[in-house]
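A.B. asks: Sequence first, predicted coordinates after that:
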Amino acid sequence: MDILEMIKSNIFLVVLSGIILLLFILYIITIIKLSKLNKNYTDFMLKMGKGENIQENIKKYSLKVEQVENKNKELEKYCENIENKMENCIQKIGLVRYNAFKDTGSDLSFTLALLDNKNTGIVLNGIYSRETSNIYSKPVEKGTSTYTLSDEEKQAIQKAINSK
């Protein structure tokens, strides 16, 4: 019961009050130092930002970077969409000029192959004679046609397939 008597004594209460007072003083000093540190930080940020608050600028720039990233994602999706559509556009062209008839001069007849990236499209055959000029078309799928192809048409298709 020695401890209970010591706790009840006035000396213990005085010592305990002194410790509490000392902790309170340390608490006040810490608050003052923290406010000075916060003020110094704010002043530093203003000086570094040439009159503007750097922290606010960093927040603004972070927001702008996020917006740019979102726009980039949209643009990437848009470009992918265009690439997918481009697969079906004419990308390869092959042209062969020839003389269809011996009685006509120069190579006025032609065969033109227009193909997409999958070698699908059409082949046009323009035959020139002295009296008339006719153009015929045949479908091409994966580099071949269900119709019989002339040598010139086959050459035009091969030129188109080999073109980049």
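C.D. replies: In hand now; what should we look at?

A.B. asks: Listing request: residues of the protein with sub-threshold pLDDT.
C.D. replies: 1, 4, 7, 49-51, 103-105 (pLDDT under 70).

A.B. asks: Tell me where it has strands.
C.D. replies: Using DSSP state E, the strands of the chain run over 92-98, 109-115, 121-128, 133-140.

A.B. asks: what packs against the first one?
C.D. replies: Packing partners of strand 92-98 (3 or more C-beta pairs under 8 Å, 6 or more residues apart in numbering; DSSP states H and E): strand 109-115, helix 151-162. For every residue, glycine as well, the C-beta is placed using N, CA and C.

A.B. asks: mind listing what that strand pairs with, with the direction of each?
C.D. replies: According to DSSP bridges, strand 92-98 has the following sheet partners: strand 109-115 (antiparallel).

A.B. asks: Need the residues that contact the partner strand.
C.D. replies: Applying C-beta atoms under 8 Å, 6 or more residues apart in numbering, the external contacts of strand 109-115 come out as 90-100, 121-128, 140, 143, 150, 152-153, 155-157, 159-161.

A.B. asks: Just the angle for that strand relative to strand 133-140, thanks.
C.D. replies: 30 degrees (axes from the mean of the first three to the mean of the last three C-alpha atoms, to 10 degrees).

A.B. asks: All the helices of this protein, residue numbers only.
C.D. replies: For the chain, the helices defined by DSSP state H cover 2-8, 10-48, 54-86, 151-162.

A.B. asks: tell me the most buried of these?
C.D. replies: helix 151-162 (a mean of 18; mean count of other C-beta atoms under 10 Å).

A.B. asks: Just want the angle from it to strand 92-98.
C.D. replies: Using the same axes, to 10 degrees: helix 151-162 against strand 92-98 is 150 degrees.

A.B. asks: For Leu63, find the nearest of the strands of the chain.
C.D. replies: Across the strands of the chain, Leu63 has its closest neighbour in strand 92-98 (46.0 Å, C-beta to C-beta).

A.B. asks: How about the contacts made by the spatially most central residue of the chain?
C.D. replies: Centroid-nearest residue in the chain: Glu76, 3.5 Å away (criterion: C-alpha atoms, centre = their mean). Contact partners of Glu76, counting by C-beta under 8 Å, 6+ apart, are absent.

A.B. asks: Separate out the buried members of the contacts of strand 109-115.
C.D. replies: 91-92, 94, 96, 98, 100, 121, 123-128, 140, 143, 150, 152-153, 155-157, 159-160 (16 or more other C-beta atoms under 10 Å).

A.B. asks: on that earlier part again, Throw the strands of the chain into TSV and include distance to Lys60, thanks.
C.D. replies: Below are those laid out as TSV (distance: least, C-beta to C-beta, whole Å):
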stretch	distance to Lys60
strand 92-98	49
strand 109-115	51
strand 121-128	52
strand 133-140	56
